[in-house]
Structure formats: structure tokens, C-alpha cells
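Trainee: Next comes the sequence, and after it the predicted model I'd like to discuss.
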Amino acid sequence: MDGGGMKDDVGFNEVFFDCTKYGKKIPKENYLVTGKYPIVDQGQTIIAGYTDDPEGIFNDIPAIVFGDHTRVIKYVDKPFFLGADGVKLLKSNRSDVWYKYLFYALTAAHIPNTGYNRHFKWLKELIIPIPSLEKQQEITTILDKVTELIAMRTQQLSELNLMVKSRFIEMFGNPASNPMGWDKRPLAEYITYANNGIARRGNDKNGSIVLRLVELQSGFIDYSQPNRIILTVAEQSRYLLKHNDFLFARVNGNPSYVGRSSVFHDIGVPVYHNDHIIRVHLSEADLNGVFVSNLLNSDYGIQEMKSKIKTSAGQYTISQDGISAILVISPPLPLQNEFAAFVQQVDKSKFEIQKGLKQMEIQYNALMQQYFG
């Protein structure tokens, strides 16, 4: 291989050995929220929990942890314990490798997703390029830098989101306790029209954008890979989205997806919605869409939504009646507008950060392809 002076392509078993049996596993029910010693499991976060008991801690660091079910790969450089289920603890049997380089090499590998099965057998089939130590260090330094910048941008976005949540509470209080005594009514009193989307499926590059659940996120709509369908004139009339329509995720096998909501803003081309999404339009004389979006995506709004979800045959659903029953506070419209203006300014900053983040992610993927193929 090119992309970095590769001198050797070797099999997984020539680089790693499985030393899981040497790591002490902590049952999930024994995890502490805070503590002296970290627990690393197969979840997405680096540290899953803590323990205060040092007996059996794994000190032979650095090491790599592989999630057998999740395919998550972690580089660990501090003494740690293992989570109880589905983890593989890997050490290298070679002296001519950097562990961080191996971490990136494994991260770059394509391991097929076979659901909640074990994936270690796929990992063991990998061929790993091993360049000189000097080249490994160079590659690691470059990837560390890009990863650090991505993490910094992601943290900035998180802080801006927290800023919006804090301003909401500052201006309106906690909607659950409603300390400011705002009028609190069912959403039904503000709905001017509502309907489910088109049931027909398809994908035609010459068609119109028809939103699916995958595009409907909490508080925003993702247009990066839109689905398109050629619609009839009647369908165009019935399912066309209008500025400030609210979209709710109606049905899914995963309850955490149901009830997700976002306000729709005109993007300059017609956009429609499928039947997994409920479209609701609210009285703009009473409610600002940005205010309602933040209310519905708050902890309060999520709990209100959950209480209206029903289950049948493994599917979780929320109906138009369920959405209509959600209780919402309605502060004076000028105050809602003031909050919306603040959010708009924050969104401008988020847009610039997201643009930079996207560029860095593209650069990271290109580097991974260059170094590891």
C-alpha cells in the first residue's frame, strides 16, 4: 500500500492477542456515577462508570477495547476495569507498533453490522498495514490533531445548545412546574390543521423531496440525503409542507424515535412528508414556532410526548389525538419572539461551526482512506 510508506501488511493475529481474561469485569448494576477508577464497556462513551475498589484493576496500558456486539473501538491509556458484557481486551504482541496507530487502523476497518451478534470473528480477519515506527507516529500525530479539532467543534455546538436551553429556562421557567404561571392548555386549542403523510414509497432522483423519519431529527431536518418521489397533482396539494408546520415522528419500532419533532422552514423548493410523520400547523397569532420547537424538545416536552405514546404489535405510535393532548405553556407572543430572535443569532454561530466541522470530518475520512485504504 501507498499512503504512508507501508512496509508490511500483517494479519490481525500477528499483531494482537486477546487478553480479556486478564481484565476484571464489573457488572453494570455496580457502576458508580463518580469514583476513583474508570470502567470501560462496549457503549459509545469512553467511560461507562466508575468503581472505588482497586482490586483487579488492569494496569498494562495502553490497550484497546473492542465492543463485540457494538463494534465500538476504544483506546485506553489509564488503568481501568472492564464492563461485564461483550468486550474484548486487546494487547499487541509486537514491539514495533504504536497503540494509537493500531487504534486508528482498527477504526478505519469495515466490520459488517450483523445486529446484536458477536463481531470479533470479523475483526480477526483484518489485514493491518504496519509502516515504520516513525511513520506510525507521524500518522497518529496528524489524526490526533484532526480528531482534537473535531471534538472541539462538537463541544462548541454542545455549549451553544446548552446556552439556548438555559435562556429558555431563564425566560419561561421550567414548563413542568410553571413557576411563572403561564397559561397552560392542550395543543389542540392552537392547531389550525393537521394530517398524516403520503403512504406511497419510492425513490426517483427526478421526484420531489418527501421527508422520512430519518430526516426528521429533534429540532432540525436533515436534507443531506433526501428521499424523492414523483407525486400526483392531488398528492402535491395534500402533502405539501408550509412554513412553520410542525412535524412529529408518528410510528417506529424504537420508542425513542416516536414523538421527535421539528418546525419546518421553507427552503425554496417544495417539500412533502410521508405517513410516518404527522404534520401540524399551529396558530401563529398565539405561538412562535421556534419557541414551541424548543418547548417540545425540552425534557418536559419529551416526557409529555412519551406519556401519549401507545404500543401495538411491536410498534410505538403517537396519534393526532395524542399530539393534540400535549399541554403547552403560552407566554406572551412578544416574549416568545424575543426568545426566537436569540435562537436565530445562536443558529448563525452554529451554522459556521457545523460548516467547519463538516470540512474536518471530510478531511479525517480522506486521511483514513489514504493511510489505511
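Mentor: Structure received.
Trainee: Just want to check the distance between N288 and L335.
Mentor: Plainly put, N288 is 9 Å away from L335 if you go by CB to CB, to the nearest Å. Where you see a C-beta, it was placed from the backbone N, CA and C, and this is true even at glycine.
Trainee: So for those two, which sits in the more crowded spot?
Mentor: N288 (24 against 15; other CB atoms under 10 Å).
Trainee: and the more buried one, what pLDDT?
Mentor: What the model reports for N288 is a pLDDT of 93.
Trainee: Could you measure from the closest residue to it other than its chain neighbours over to S261?
Mentor: Leaving aside its sequence neighbours, N288 sits nearest to Q336 (CB to CB, 6 or more residues apart in numbering; 3.9 Å). According to CB to CB, Q336 stands 17 Å off from S261.
Trainee: what's the burial count for the residue lying closest to K205 once chain neighbours are set aside?
Mentor: Counting by CB to CB, 6+ apart, K205 lies nearest to R228, which is 6.1 Å off, once chain neighbours are set aside. A count of nearby residues for R228, using other CB under 10 Å, gives 15.
Trainee: May I ask you to confirm that R228 is in contact with R212?
Mentor: No - assessed by CB atoms under 8 Å, R228 is found out of contact with R212, at 10.9 Å.
Trainee: and the strand or helix carrying the residue nearest to N288, what does it pack onto?
Mentor: Using DSSP states H and E, Q336 sits within helix 333-372. Counting by 3 or more CB pairs under 8 Å, 6 or more residues apart in numbering; DSSP states H and E, the packing neighbours recorded for helix 333-372 are helix 99-108, helix 133-172, helix 289-296.
Trainee: what residue lies at the spatial centre of this structure?
Mentor: Taking CA atoms, centre = their mean, the centroid of the chain lies closest to Q217, which sits 9.5 Å from it.
Trainee: so that residue bridges to which residues?
Mentor: F220 (DSSP bridges).
Trainee: Same check on V87?
Mentor: Counting by DSSP bridges, V87 is bridged to G67.
Trainee: That one and T34: what is the separation?
Mentor: Distance from V87 to T34, by CB to CB: 22 Å.
Trainee: same deal with N161?
Mentor: 24 Å.
Trainee: who has more neighbours, the two?
Mentor: Counted by other CB under 10 Å, N161 and T34 do not tie: N161 has more neighbours, with 13 against 7.
Trainee: Now for the residue nearest to N288: which residues touch it?
Mentor: Residues counted as contacts of Q336 (CB atoms under 8 Å, 6 or more residues apart in numbering) are L287, N288, V290, F291.
Trainee: from those residues, which two are the most distant?
Mentor: L287 and V290 (9.8 Å; CB to CB).
Trainee: quick one: low-confidence ranges for this protein?
Mentor: Within the chain, the stretches with pLDDT under 70 are 1-7.
Trainee: Now for the nearest residue in space to Q136 that is not next to it in sequence: which residues touch it?
Mentor: Closest residue to Q136 apart from its sequence neighbours, by CB to CB, 6+ apart: Y101 at 4.0 Å. With contact set as CB under 8 Å, 6+ apart, Y101 has these partners: Q136, Q137, I139, T140.
Trainee: repeat for T317
Mentor: R250, V251, V258, I309, K310, T311.
Trainee: Need the three-state assignment for H110.
Mentor: coil (DSSP: H, G, I helix; E, B strand; the rest coil).
Trainee: Distance of it relative to F351?
Mentor: 32 Å.
Trainee: And the closest residue to L295 other than its chain neighbours, which helix or strand is it part of?
Mentor: Ranked by CB to CB, 6+ apart and with sequence neighbours excluded, the top spatial neighbour of L295 is G301, at 5.3 Å. G301 belongs to helix 299-306 when assigned by DSSP H and E.
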